[in-house]
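Enquirer: here is my input, please return the structure:
(chains A, B, C and D)
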Number of protein chains: 2
Amino acid sequence: MEFTEQDKRKCPEHLSTGECTKQLLPVKDALDILSGKWKIQIIISLTFGKKRFKQIQREIPGLTPKMLSKELKELEINELASRQVYDTSPVTVEYELTPYGKTLKPLIGELHKWGTKHRKRVIASSGRG
Amino acid sequence: MEFTEQDKRKCPEHLSTGECTKQLLPVKDALDILSGKWKIQIIISLTFGKKRFKQIQREIPGLTPKMLSKELKELEINELASRQVYDTSPVTVEYELTPYGKTLKPLIGELHKWGTKHRKRVIASSGRG
DNA sequence: GATACCGGTATACTTTAGGAAAGCGGTATA
DNA sequence: TATACCGCTTTCCTAAAGTATACCGGTATC
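Expert: The predicted structure is shown next:
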């Protein structure tokens, strides 16, 4: 049996491949920055205002200092969060979303929106099942 | 030195913690489904229409059959994609986004939007640095 | 002097994600 | 008979992500 003609009708590979790869890169960039178990949780925590190290850790259950430290460094490198050291003793350190970091809000909003709907859907269907 | 009063002014923990954890769960749900190296790429590929197994693999460079198979199964379980088997021989299998899967489009749109801006920003600053 | 807070680091470990390569039954093609 | 396509699965392995635990200098509290 011959599939070639069928393929062209059902799966217009020649039309999609170029567009597809063009879409891929920026989406991957965004996910690189947001993925990982803790990063978004930290960002969300910071959307509610300045926070100190231990304070973030207390807000996010299970987060170890090693992970928090590592993630905060990455957020700093990507200029999404800033670190302020106050010359008190012992030192006070505050983390804050940068204006650039705040540009993530619509995206997080969409994640929240879709996640909420999905949650309802899953709960509803598990109730039935 | 006393930090307690300062803390209350700068870091209103009592105001944010409840809200923060409320935001966390749905966002984590959404990321659970989208994170991983291939899932979004596969979803994007499917937004351009029905695709066959090998066709998806060809469109996404580096994607092994093992990974594709695994990710497609997860997409099916989450009802984001559907699998259609045609009784030809050898068998023809087509994957397609479900209507529910298509509800991800705005979210992917935001990922794309932010990713694109970020990309420009990074390229611009690496040019300066 | 013991304890507890702060903002982390260091070390060692486990777990997970992902990659490489081969192979399966079935069919068609040379 | 050999090769190549389809839609996968299996096995083995590495690298990265994440966890557990202890610790550091400094200060304040009991």
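Enquirer: what's the closest non-adjacent residue to the spatially most central residue of chain A?
Expert: Among the residues of chain A, the one closest to the centroid is residue A:34, at 2.9 Å (Cα atoms, centre = their mean). Distances taken as Cβ to Cβ, 6 or more residues apart in numbering or on different chains place residue A:40 nearest to residue A:34, at 5.5 Å, with adjacent residues excluded. Using the backbone N, CA and C atoms, a C-beta is placed for each residue, glycine as well.
Enquirer: which SS class is residue A:125?
Expert: Secondary structure, DSSP: H, G, I helix; E, B strand; the rest coil: residue A:125 is helix.
Enquirer: please apply the same query to residue A:58.
Expert: For residue A:58, the assignment made with three-state DSSP gives helix.
Enquirer: which bits of chain A sit near DNA strand D?
Expert: Residues of chain A found near DNA strand D (Cβ under 7 Å from any atom of the strand) are A:3, A:36-38, A:62-67, A:89-90.
Enquirer: isn't the residue nearest to the centre of chain A up against residue A:42?
Expert: No - here residue A:34 does not reach residue A:42: they are 10.7 Å apart, not a contact under Cβ atoms under 8 Å.
Enquirer: re earlier: mean confidence for the helix or strand hosting the residue nearest to residue A:34?
Expert: In this assignment (DSSP states H and E), residue A:40 forms part of helix A:39-47. Averaged across helix A:39-47, the pLDDT comes to 96.
Enquirer: would you mind identifying the next helix or strand past that helix?
Expert: Next in sequence after helix A:39-47, counting helices and strands by DSSP H and E, comes strand A:51-52.
Enquirer: how about that following strand and DNA strand C, any contact?
Expert: Yes - applying Cβ under 7 Å from any atom of the strand, one finds strand A:51-52 in contact with DNA strand C at residue A:52.
Enquirer: then the helix holding residue A:40 to CSV, C-alphas only?
Expert: Output of helix A:39-47 as CSV, limited to C-alpha atoms (Å, rounded to 0.1, in the frame of the first residue of the first chain):
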residue,chain,number,x,y,z
LYS,A,39,12.4,28.3,40.6
ILE,A,40,8.8,29.3,40.0
GLN,A,41,7.8,28.9,43.6
ILE,A,42,10.6,31.3,44.5
ILE,A,43,9.5,33.8,41.9
ILE,A,44,6.0,33.6,43.1
SER,A,45,7.1,34.1,46.6
LEU,A,46,8.9,37.2,45.5
THR,A,47,6.0,38.6,43.6
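Enquirer: per-residue confidence at the nearest residue in space to residue A:65 that is not next to it in sequence?
Expert: Nearest non-adjacent residue to residue A:65, counting by Cβ to Cβ, 6+ apart: residue A:57, 6.4 Å away. As predicted, residue A:57 sits at a pLDDT of 96.
Enquirer: in contact with residue A:57, which residues?
Expert: By Cβ atoms under 8 Å, 6 or more residues apart in numbering or on different chains, the contact set of residue A:57 is A:63-65, A:68.
Enquirer: name the residues of chain A found near DNA strand C, please.
Expert: By Cβ under 7 Å from any atom of the strand, the residues of chain A that approach DNA strand C are A:1-2, A:52-55, A:64-66, A:69, A:83, A:90-93.
Enquirer: and the helices in chain A, which stretches?
Expert: All helices of chain A, identified by DSSP state H, fall at A:4-10, A:13-34, A:39-47, A:53-59, A:65-77, A:99-102, A:105-128.
Enquirer: show me what the last one is packed against.
Expert: Judged by 3 or more Cβ pairs under 8 Å, 6 or more residues apart in numbering or on different chains; DSSP states H and E, helix A:105-128 is in contact with helix A:39-47, helix B:13-34, helix B:105-128.
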